[in-house]
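>>> Requesting a structural model of the entry that follows:
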Amino acid sequence: MSAHTSLKTQESPETEHRPDPRLSRGLSSLSNRFVPKGQWIGGISASYSTHTNTDYTFLVINDINSDGYTFKISPLIAYAIRDNMAIGGRFNYSRSMLRVKGADINLGDQETGINLNLEYYYALQHNYSFGLIWRQYIPLGQSKRFALFNEMQLALGGGQAEFAMDYPIRGTFQKSFTFSLGISPGLVAFATNNLAFEVNVGVMGITYNRTRQVHNQVTVGERSTSMMNFKINIFSIGLGVSFYL
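Okay, the predicted model is just below:
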C-alpha cells in the first residue's frame, strides 16, 4: 500500500485577478470588434484651394496682385492583422503654385519710411512621400459606428521647387529629401456597413529635411534641418473617406 502526497501551490488573489492596465483605462476592448481581423481598408483624402488678389492690401503690403492654388491627395491601403489593429501604406502628394504680379511694402511714413516694390515673383512646388502606417482603433464603448484611432507613420519622400523673380528674371531650382516619423489621432464614423468618413490631425512628429539649390544655373547651396514637434499642426488636418472590405 502506497501513499501519494500532492502539493498544490496557490497564487495570491492579486496575481490571479490583476487587471490589464490598458483595459482599466478604456483604451482597448476585447468584446467590441470594431474592425475585425482580416479586413482590408482602403481610403483617400484630398483638398484643393485657389486664390486671386487684385489691388489687395494686407497689413503693410499694398496693391497685391497675385493668384495661386494648392492641391493635396493622400491614398492609403491597410490590412487588419488583428481585431481593431491594422498595418499598411500611405502615399502623400501635394502641389502648389504662387504668382505675384506686383506688390508694395511700406514700413513707416512716406518721408522717412522704407518702401519696397516687388514686380514679379513665381513659385511652383510639389512634394511626395510614401509611408508605412500602424493604426489602432479605440471603439467608443460598444458602438459599431464611431471610434477613435491613432495612426503612426514612418515616411520617406522628396520634392522639387522652382522660384523666379524680378526683371531680368533670376531663378532658383531645388530638390529636397525628407524623413519623418509622425503620430496622427483621429475619429472615424461609419455611414454604411463599408463606407466611413475620417478626420485626423498631426500632433507629434520628428522630421529631417535636406535641400540642394541651384541658383541661376551657377551657384549651388545646401541646407539641412531637423525638427521635433509636440504641438497640434492645424495645417495637417485631414478629411477623407475610407472603404472597409
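>>> make it CA atoms for all contacts and neighbour counts henceforth
OK.
>>> For stretch 88-108, buried residues please.
Neighbour-count burial for stretch 88-108 flags 88-106 (criterion: 16 or more other C-alpha atoms under 10 Å).
>>> Could you do stretch 126-143 as well?
With burial defined by 16+ other C-alpha under 10 Å, the residues of stretch 126-143 counted as buried are 126-140.
>>> and that stretch, how far from the chain's centre?
With C-alpha atoms, centre = their mean, to the nearest Å as the basis, stretch 126-143 stands 10 Å off its chain's centre.
>>> now do stretch 168-180
Using C-alpha atoms, centre = their mean, the offset of stretch 168-180 from its chain centre is 22 Å.
>>> let's number from 45 now, not from 1
New numbering, starting at 45: the last item is stretch 212-224.
>>> Dump that stretch to CSV, keeping only the CA atoms.
In CSV, the C-alpha atoms belonging to stretch 212-224 read as follows (Å, rounded to 0.1, in the frame of the first residue of the first chain):
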residue,chain,number,x,y,z
PRO,A,212,15.5,90.3,-65.8
ILE,A,213,14.3,87.1,-64.2
ARG,A,214,16.6,85.4,-61.6
GLY,A,215,15.7,81.8,-60.9
THR,A,216,16.4,79.0,-58.4
PHE,A,217,15.8,75.3,-58.7
GLN,A,218,15.8,73.0,-55.7
LYS,A,219,15.5,69.3,-54.7
SER,A,220,14.7,68.0,-51.3
PHE,A,221,14.8,64.8,-49.3
THR,A,222,12.6,64.2,-46.2
PHE,A,223,12.4,61.6,-43.5
SER,A,224,9.6,61.8,-40.9
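>>> Need the contact partners of that stretch.
If you take C-alpha atoms under 8 Å, 6 or more residues apart in numbering as the criterion, stretch 212-224 is touched by 197-209, 249-261.
>>> do that again at 6 Å, thanks
If you take C-alpha atoms under 6 Å, 6 or more residues apart in numbering as the criterion, stretch 212-224 is touched by 198-208, 250-260.
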